[in-house]
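A.B. asks: I would like the atomic coordinates for the input below:
(2 chains)
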Amino acid sequence: MKITINGQPFEAANQATLVIVLEEFAAKEPYAVALNGDFIPRNNCSSTALKEGDSIELLSPIQGG
Amino acid sequence: MSDSFSIYGEQITSRLLIGSALYPSPAIMAESIIASGAEVVTVSLRRQQSAAAGDDFWQLIKDTGLKILPNTAGCHSVKEAVTLAQMCREVFSTDWIKLELIGDEYNLQPDPFALLEATKILMDDGFKVLPYCTDDLVLCQRLADIGCEVLMPWGAPIGTGKGLLNQYNLKTIRERLPELTLIVDAGLGLPSHACQALELGYDAVLLNSAIAGAGCPVTMSHAFKAAVDAGRFAYKAKAMPEKEVAAPSTPTMGMPFWHQT
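C.D. replies: Okay, the predicted model is just below:
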């Protein structure tokens, strides 16, 4: 199924959970995740099923003022 | 300086909070932050890049050992800001959040209505919110009413370096909300601007561009460190009353060459 990660298209297996897709994407620590605009705590990533068209935001520390 | 101020019960001695962006290099960033004497440094979250570009930065920040104040810079809606704050809390392991909610793209002015709404949501969710707000007394009162112990009114629009554009407003907020921790955030360009904020009784300043954008950021860090100390000493010393008429400082008694007419 087609989803997006950080605005870019990503092909994920049907029935994939969030934690599996993050592994396939090689997400690097530290990070936090939002799915369709909602924060998903890391503890919930393994139980969060994805569906076609989902939008994942994968964020990491950066400089800030 | 031996006195301190409180950020939601945590005692902070340095009255300069510093940003981590816009420095010429990561090394200069680290050196500038250390030179500033700051105990709090601001950071943010952005989309993870495939390259390990952010690794060095984050390690350098962790190495400083400073308290982390994440921000929600760039957010334009309550939903975006709340979600980003929740993500920050998980990544940075802190319930502090510098809440930025932009209402106008031209001058990056905070949206006071959305800011109040997002602050309420986050406070109810256990966050310790440090709202970046305009210098509007009523907005500051409303933020205090919903539990904010720290407010961060702007001196001028972000990155302009214009200093304290409305000292009357800032002074009024200080006088009317004496129990709150008040930090001037944004718009400072010179150490004298920081000194003025502290002279007005503000507890601290938060700045980034004024140091990072200086010709020599490390030296400018030293300058701002001295300026906030000077401003704080001046506030505690209580300035002389301003007068409209000149008054000689040298005694007139015994003035030579004087003749009674």
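A.B. asks: low-confidence ranges in the chain?
C.D. replies: As the question left the chain open, I've gone with chain A. For chain A, no stretch has pLDDT under 70.
A.B. asks: Actually, chain B is the one I wanted.
C.D. replies: Checking chain B against pLDDT under 70 turns up B:1-2, B:50-54.
A.B. asks: can you pull out the strands in it?
C.D. replies: B:5-7, B:10-12, B:16-19, B:40-47, B:67-70, B:96-99, B:102-104, B:109-110, B:128-133, B:150-153, B:181-185, B:204-207 (DSSP state E).
A.B. asks: can you list the residues of the stretch 151-261 of chain B near chain A?
C.D. replies: B:158, B:208, B:209 (C-beta under 8 Å from any C-beta of the partner chain). From N, CA and C alone the C-beta is placed, and that goes for glycine too.
A.B. asks: Find the closest residue to chain A in the stretch 101-250 of chain B.
C.D. replies: Of all residues in the stretch 101-250 of chain B, the one sitting closest to chain A is residue B:208 (3.4 Å; C-beta to the nearest C-beta).
A.B. asks: what are the bridge partners for the closest residue to that residue other than its chain neighbours, then?
C.D. replies: Excluding the flanking residues, the one nearest residue B:208 by C-beta to C-beta, 6 or more residues apart in numbering or on different chains is residue B:19, at 2.6 Å. Beta-bridge partners recorded for residue B:19 (DSSP bridges): residue B:42.
A.B. asks: Around chain B, which positions in chain A sit nearby?
C.D. replies: A:6-7, A:27-28, A:30-34, A:37-39, A:41-42, A:57-65.
A.B. asks: can you redo the strands of chain B as CSV with mean neighbour count?
C.D. replies: Shown next, in CSV, are the strands of chain B (neighbours: other C-beta atoms under 10 Å in any protein chain shown):
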stretch, mean neighbour count
strand B:5-7, 18
strand B:10-12, 14
strand B:16-19, 28
strand B:40-47, 22
strand B:67-70, 20
strand B:96-99, 26
strand B:102-104, 16
strand B:109-110, 20
strand B:128-133, 25
strand B:150-153, 26
strand B:181-185, 25
strand B:204-207, 28
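A.B. asks: Any idea how many residues pack against the residue of the stretch 101-250 of chain B closest to chain A?
C.D. replies: 24 (other C-beta atoms under 10 Å in any protein chain shown).
A.B. asks: I figured it was touching residue B:17, is that so?
C.D. replies: No. Residue B:208 is beyond contact range of residue B:17, at 9.3 Å (criterion: C-beta atoms under 8 Å).
A.B. asks: which residues do these two both contact?
C.D. replies: With contacts defined as C-beta atoms under 8 Å, 6 or more residues apart in numbering or on different chains, the residues shared by residue B:208 and residue B:17 are residue B:42.
A.B. asks: circling back: buried subset of the residues of chain A next to chain B as a ChimeraX selection?
C.D. replies: Remark: buried members of the residues of chain A next to chain B, expressed as a ChimeraX selection using 16 or more other C-beta atoms under 10 Å in any protein chain shown:
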select /A:6,27,30,31,32,33,34,39,42,57,58,59,60,61,62,63,64,65
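A.B. asks: Geometric centre of the chain: which residue is closest?
C.D. replies: Looking at chain A here, since you left the chain open. What sits nearest the mean C-alpha location of chain A, by C-alpha atoms, centre = their mean, is residue A:56, with 4.1 Å.
A.B. asks: that's the wrong chain, I wanted chain B
C.D. replies: Nearest to chain B centroid, counting by C-alpha atoms, centre = their mean: residue B:206, 2.4 Å.
A.B. asks: I figured it hits residue B:187, correct?
C.D. replies: No. Contact between residue B:206 and residue B:187 fails when scored by C-beta under 8 Å: they sit 10.5 Å apart.
A.B. asks: Can you show me the helices along chain A?
C.D. replies: A:18-24 (DSSP state H).
A.B. asks: Go through it and flag its longest strand.
C.D. replies: strand A:55-63.
A.B. asks: neighbouring strands for that one, and are they parallel or not?
C.D. replies: strand A:2-5 (parallel), strand A:32-35 (antiparallel), strand B:40-47 (antiparallel).
A.B. asks: And for that strand, what's in contact with it?
C.D. replies: So strand A:55-63 is contacted by A:3-7, A:10, A:18, A:21-22, A:25, A:27-28, A:30-37, B:19-23, B:29, B:43-48, B:54, B:57-58, B:61, B:84, B:87, B:91-92 (C-beta under 8 Å, 6+ apart).
A.B. asks: switch to 6 Å and redo it
C.D. replies: Strand A:55-63 is contacted by residues A:4-6, A:27, A:31-36, B:20-21, B:43-46, B:48, B:54, B:58, B:87 when judged by C-beta atoms under 6 Å, 6 or more residues apart in numbering or on different chains.
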